[in-house]
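>>> Quick one: sequence and predicted model below, then my questions.
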Amino acid sequence: AQLVESGGGLVQAGGSLRLSCASSGREFSDYAMVWFRQPPGKGPRWVSAINNGGDRTYYEDSVKGRFTVSRDNANNTLYLHMTNLKPEDTAVYYCATYTVVSGTVEYDYWGQGTQVTVSS
């Protein structure tokens, strides 16, 4: 699968953005998907996940109630709707596929990332 993120940008604190992750692969609906973010000078951190059917979602504590993950399998697209953004949400955001093989979590495919910058 080839993943391409879009929708990042510069926003003031309290604002909203919707990130998209478009997959070119026909097997998009076979994968659970995750969003990571990488703040400046730090490693990638898991933000949210959604199962392949889209009916189960998971969030890191700091984004619960503010971020919503969803997917449109008919159009091979993953979304992250972010509201009430805070300066600490500033990061490069990545989408990735998520599989578990023999008990091991694998993130096989990643997008190139999209920058989100939140000004105070």
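Yep, it's here. None of the values given here were measured: they were computed from a predicted structure.
>>> Out of the helices and strands in this structure, which is least certain?
When each helix and strand of the chain is scored by mean pLDDT, DSSP states H and E, strand 104-106 comes last, with a mean of 91.
>>> distance between the helix or strand just after that one and the chain's centre?
Scanning forward in sequence from strand 104-106 by DSSP states H and E, the next helix or strand is strand 114-119. Mean-position distance between strand 114-119 and its chain equals 14 Å (Cα atoms, centre = their mean, to the nearest Å).
>>> how about the CA coordinates for strand 114-119, as CSV?
Coordinates of each C-alpha in strand 114-119 appear next as CSV, following Å, rounded to 0.1, in the frame of the first residue of the first chain:
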residue,chain,number,x,y,z
THR,A,114,2.2,16.1,7.0
GLN,A,115,3.3,19.0,9.3
VAL,A,116,0.9,20.4,11.8
THR,A,117,1.9,23.6,13.6
VAL,A,118,-0.2,25.1,16.3
SER,A,119,0.6,28.7,17.4
